[in-house]
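>>> Structure here, sequence nowhere to be found:
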């Protein structure tokens with residue numbers, strides 16, 4: 001009996017495996033990580049006007065304390081403490 005190669009493609013398992021490896025390398029090389037920051041997130045990362053005003057007030061108070069010119073208003077302090085600890089009706 002004579003067997004001939006009629007319409008049978010040659011099979012090379014090493015070559016097909018090599019082609020698959022090359023394809024996966026190409027796929028992983030093309031993909032890169034990306035990071036996109038939304039406009040809202042950018043706005044949140046910027047300092048707010050309240051923060052800048054507070055920093056200015058704190059720096060002014062620090063300067064007064066270091067210069068020795070800072071005076072505590074005892075009546076205002078007592079009033080604020082009473083208002084804080086007294087339950088609102």
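Great, that's in hand. Given the structure is predicted, the values throughout are model-derived calculations rather than measurements. Numbering: from 1, shown residues only.

>>> Checking residue 23 next. Helix, strand or coil?
Following DSSP: H, G, I helix; E, B strand; the rest coil, the label given to residue 23 is helix.

>>> so what's residue 6 scoring on pLDDT?
On pLDDT, residue 6 comes in at 69.

>>> Which secondary structure state does residue 33 sit in?
For residue 33, the secondary structure call by three-state DSSP comes out as coil.

>>> shaky segments in the protein?
Within the chain, the segments meeting pLDDT under 70 span 1-11, 27-31, 89.

>>> now do 80
Applying pLDDT under 80 to the chain flags the ranges 1-16, 25-33, 47, 87-89.

>>> can you pull out the helices in it?
13-30, 39-45, 49-67, 74-85 (DSSP state H).

>>> Turn the ones you listed into TSV, columns for mean neighbour count.
For glycine as for every other residue, the C-beta is placed from the backbone atoms N, C-alpha and C. Listed next are the helices of the chain as TSV, based on neighbours: other CB atoms under 10 Å:
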stretch	mean neighbour count
helix 13-30	9
helix 39-45	9
helix 49-67	10
helix 74-85	9
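
>>> ok now do residue 87, which residues does it touch?
Residues near residue 87 by CB atoms under 8 Å, 6 or more residues apart in numbering: none.

>>> Next, give phi and psi for it.
Dihedral pair for residue 87: phi -70, psi 140, per degrees, to the nearest 10.

>>> Quickly note the distance from it to residue 78.
For residue 87, the distance to residue 78 (CB to CB, to the nearest Å) stands at 17 Å.

>>> do the same with residue 33
Going from residue 33 to residue 78 by CB to CB gives 59 Å.

>>> same check, this time on residue 51
Counting by CB to CB, the gap from residue 51 to residue 78 is 30 Å.

>>> Residue 35 too?
Remark: distance between residue 35 and residue 78 (CB to CB) = 53 Å.

>>> Likewise for residue 20?
Computed with CB to CB, the distance linking residue 20 and residue 78 is 81 Å.

>>> first vs last residue of stretch 37-56, how far apart are they?
End-to-end span of stretch 37-56 (CA to CA, to the nearest Å): 30 Å.
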